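Trainee: The amino acid sequence is not available; the structure is as follows:
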């Protein structure tokens, strides 16, 4: 949902998806959260697989990607189990329509807790390392990030939170 858009826009789309296809919280868990604004659960894959997502603001390509992911998760409940290696996880994700390296690395970083996943095409990361001479290319960013292995995901999170922190050392 958050590919090539701002965090705010992705949050808005996710909220619309939950409002449209999510289920209300019930039982003890709902009572625990009644003083919060949390009242719905994220839609199950079966609800997303065939839903028309254009009215909530998704593009056709993003709709297809989300539906493909929902279908694969619905058919294979173990889809999101970590693979034998982080690279296998990223390869498996990239096989899905609409899931490219940025998304696969982001999912590996956040969802699988892969400490070395690194979405090197991320505009925020490229901007964070910009100097008076310009932004690094994606290839240059990957080369710089080699020094951060096996903790590149931590470096990415730090750069997102505190951009320009490493610029002085470049």
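Mentor: Ah, there it is. The shown structure was predicted, so the numbers you read here are calculated from the model rather than taken from an experiment.

Trainee: going forward, measure contacts between C-alpha atoms and count neighbours the same way
Mentor: Noted.

Trainee: Can you list the buried residues in the least confident helix or strand in the chain by mean pLDDT?
Mentor: The helix or strand of the chain with the poorest confidence is helix 27-32; it has a mean of 72 (mean pLDDT, DSSP states H and E). Using 16 or more other Cα atoms under 10 Å as the test for burial, helix 27-32 gives no buried residues.

Trainee: residues making contact with it?
Mentor: residue 39 (Cα atoms under 8 Å, 6 or more residues apart in numbering).

Trainee: chain center to it, what's the gap?
Mentor: On the basis of Cα atoms, centre = their mean, to the nearest Å, helix 27-32 sits 28 Å off its chain's mean C-alpha point.

Trainee: The helix or strand following it pairs with which strands, parallel or anti?
Mentor: The helix or strand immediately downstream of helix 27-32 is strand 40-41, counting by DSSP states H and E. According to DSSP bridges, strand 40-41 forms sheet pairs with strand 23-24 (antiparallel).

Trainee: Helices along this protein, start to end?
Mentor: Counting by DSSP state H, the chain has helices at residues 7-21, 27-32, 45-49, 60-75, 86-94, 101-110, 123-128, 138-145, 152-161.

Trainee: closest one to residue 39 among the ones you listed?
Mentor: helix 27-32 (7.0 Å; Cα to Cα).

Trainee: Look up how far residue 94 lies from residue 13.
Mentor: 22 Å (Cα to Cα, to the nearest Å).

Trainee: Is it possible to get TSV of the helices of the chain that adds distance to residue 116?
Mentor: As requested, the helices of the chain are exported to TSV (distance: least, Cα to Cα, whole Å):
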stretch	distance to residue 116
helix 7-21	22
helix 27-32	35
helix 45-49	28
helix 60-75	23
helix 86-94	8
helix 101-110	7
helix 123-128	15
helix 138-145	10
helix 152-161	5
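
Trainee: Looking at those helices, spot the one closest to residue 1.
Mentor: Among these, helix 7-21 sits nearest to residue 1 (Cα to Cα), with 5.8 Å.

Trainee: Next, the buried residues of the closest one.
Mentor: Of the residues in helix 7-21, those buried (16+ other Cα under 10 Å) are 10, 12, 13, 14, 16, 17, 18, 19, 20, 21.

Trainee: ok, of the residues you listed, which one's closest to residue 122?
Mentor: For these, the closest approach to residue 122 (Cα to Cα) belongs to residue 10, at 15.0 Å.

Trainee: tell me the pLDDT at the closest one?
Mentor: At residue 10, the pLDDT value in this model is 87.

Trainee: Pretty sure it sits against residue 2.
Mentor: Yes - at 4.7 Å, residue 10 counts as touching residue 2 under the criterion of Cα atoms under 8 Å.

Trainee: Among the helices of the chain, show me which one is buried the most.
Mentor: helix 101-110 (a mean of 21; mean count of other Cα atoms under 10 Å).
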